[in-house]
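Asker: sequence plus the predicted model coming up.
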Amino acid sequence: VKEAIRTRPGDTLACMELAAHRVLSRRGAVQQRVHVRIVDYPAKTKLKSLKANLIDQYFATRGTVVRVGNIRPMVTRMHFQCSRCGESTVRHFEGGKYNPPTSCPTDGCRSRTFEPDRDGCSTVDWQKIRLQEIVDDDREAGRIPRTVDVDLTNDLVDCCVPGDIVTVGGIVRSIKTEADRGGNQQAKALYFLFLEANSVVNTKKKGRDAGTAFSQLDMQMIEQVSVDENPLRLLVNSLCPSIFGQEMVKAGLVLCMFGGVGKFQSGEEKNRLAIRGDPHMLVVGDPGLGKSQMLRAAAAVHPRGVYVCGNTATGTGLTVTLVRDPQTGDHALEAGALVLADQGMCAIDEFDKIKSDHSSLLEAMEQQTISM
């Protein structure tokens, strides 16, 4: 089954959905289509192996959501009525690509004009997100992180916001690029890979980071630290050991990483806001004391640490950017450094040299929210 899911995912998932539907319909518990979701697929692959040989195969990867589009209806099936003989034909749209019939199927009619029946069409919810790889490999440094677009349908829409770390499994699809509209002959053969999502697991909703599986050696080290009389000293000395001394700065960074006691506004579980729970720390000192190196080390240690330098950071690059998607034409939110470091640590170096006004940071530091 594992090999069939990987090489022929469309047929295999359809068979599994049919089997699940038959079992559930015997109990009388189901009326509409059953969706089978494959969670914890064994081979989570790096995004760099997403190449043309994986088209129409199953692919699972893990990354950070950097852009979330609007939810819109996607037409899957529509009736067309011939304007000459009145005969009705049904068209199924694979992957949401709109293709009306070219000629009437009735003998002797051959009309080419059709009226679409917009009331009787079938639609599903559709949303587009962009996933960015998590760069944890030293050899990958010095290049832009790879991104892939993911199409979410049905019950998967609205499952994540920018900044969430998700594990996505789905079928690799290819679509023709939009560049061939303008009569450019060279762009005819260019295709564009995207993922048609089958399952999305949000690590924030699970309450723990799904990527942290402890080995036997890790467990032994944790037990040794737990019997230490003063674990804070051990943590302080192990942060950025290449800088000698500076215990107070390192202790402050360690306490920042662990965070304060989270206070929440009273509200429902999903939409409640954290208020004034996390400490902020300002490191001031002469040049050459290793401030930047300690900040980099703290951001590298933290599982959701982001490091930005103030003289290149803009206000939108720190908070949220409103971008226009060239393919669909609607606006989408793209996450900046503070959003990507949500529930984590954002280290801003050269804080006094930030060109944009600091007011964009005030709200994030004070209220733990970012407004558009």
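Answerer: Happy to help now that I have it.
Asker: so which residue is dead centre in this structure?
Answerer: In the chain, the C-alpha closest to the average C-alpha coordinate belongs to Val65, at a distance of 2.4 Å (Cα atoms, centre = their mean).
Asker: now do the strands in the stretch 251-372 of the chain.
Answerer: If you assign secondary structure with DSSP state E, counting those that start in this stretch, the strands in the stretch 251-372 of the chain sit at 263-264, 274-275, 305-309, 320-324, 331-335, 345-349.
Asker: show me what the fifth one is packed against.
Answerer: Under the contact criterion of 3 or more Cβ pairs under 8 Å, 6 or more residues apart in numbering; DSSP states H and E, the helices and strands touching strand 331-335 comprise strand 58-68, strand 320-324. Bear in mind the C-beta positions are built from the backbone N, C-alpha and C, glycine included.
Asker: export the last one to CSV, keeping only CA atoms.
Answerer: These are the backbone C-alpha positions of strand 320-324, laid out as CSV (Å, rounded to 0.1, in the frame of the first residue of the first chain):
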residue,chain,number,x,y,z
VAL,A,320,3.2,41.8,7.8
THR,A,321,3.2,42.7,4.0
LEU,A,322,0.1,42.8,1.9
VAL,A,323,1.0,41.4,-1.5
ARG,A,324,-0.9,40.8,-4.7
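Asker: now do it, average pLDDT.
Answerer: Averaged across strand 320-324, pLDDT comes to 79.
Asker: got a markdown table for the strands of the stretch 251-372 of the chain, with distance to Phe194 and mean neighbour count too?
Answerer: Compiled in a markdown table, the strands of the stretch 251-372 of the chain are given as follows (distance: least, Cβ to Cβ, whole Å; neighbours: other Cβ atoms under 10 Å):
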| stretch | distance to Phe194 | mean neighbour count |
| --- | --- | --- |
| strand 263-264 | 37 | 11 |
| strand 274-275 | 34 | 15 |
| strand 305-309 | 26 | 19 |
| strand 320-324 | 17 | 14 |
| strand 331-335 | 15 | 18 |
| strand 345-349 | 30 | 21 |
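Asker: mind putting those strands into TSV with distance to Val75?
Answerer: Compiled in TSV, these are given as follows (distance: least, Cβ to Cβ, whole Å):
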stretch	distance to Val75
strand 263-264	41
strand 274-275	40
strand 305-309	39
strand 320-324	23
strand 331-335	21
strand 345-349	42
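Asker: so which of the ones you listed gets nearest Ser122?
Answerer: Judged by Cβ to Cβ, the one of the strands of the stretch 251-372 of the chain that comes nearest to Ser122 is strand 331-335, at 25.8 Å.
Asker: contacts for the closest one, please.
Answerer: By Cβ atoms under 8 Å, 6 or more residues apart in numbering, the residues outside strand 331-335 that reach it are 64-70, 128, 130, 162-163, 320-325, 372.
Asker: equivalent analysis for stretch 309-327, please.
Answerer: Outside of stretch 309-327, the residues within contact range by Cβ under 8 Å, 6+ apart are 67, 69, 128, 162, 178, 308, 330-339, 348-357, 360-361, 364, 370, 372.
Asker: what do you get if the cut-off is 6 Å, keeping everything else the same?
Answerer: Under the contact criterion Cβ atoms under 6 Å, 6 or more residues apart in numbering, stretch 309-327 has outside partners 178, 331-334, 336-338, 348-351, 353-354, 356, 360, 370.
Asker: pLDDT wise, what is Ser199 at?
Answerer: What the model reports as pLDDT for Ser199 is 86.
Asker: what about it, how many residues close to it?
Answerer: By the measure other Cβ atoms under 10 Å, the count of residues near Ser199 is 19.
Asker: can you check Met16 too?
Answerer: Applying other Cβ under 10 Å, we find 17 other residues in the vicinity of Met16.
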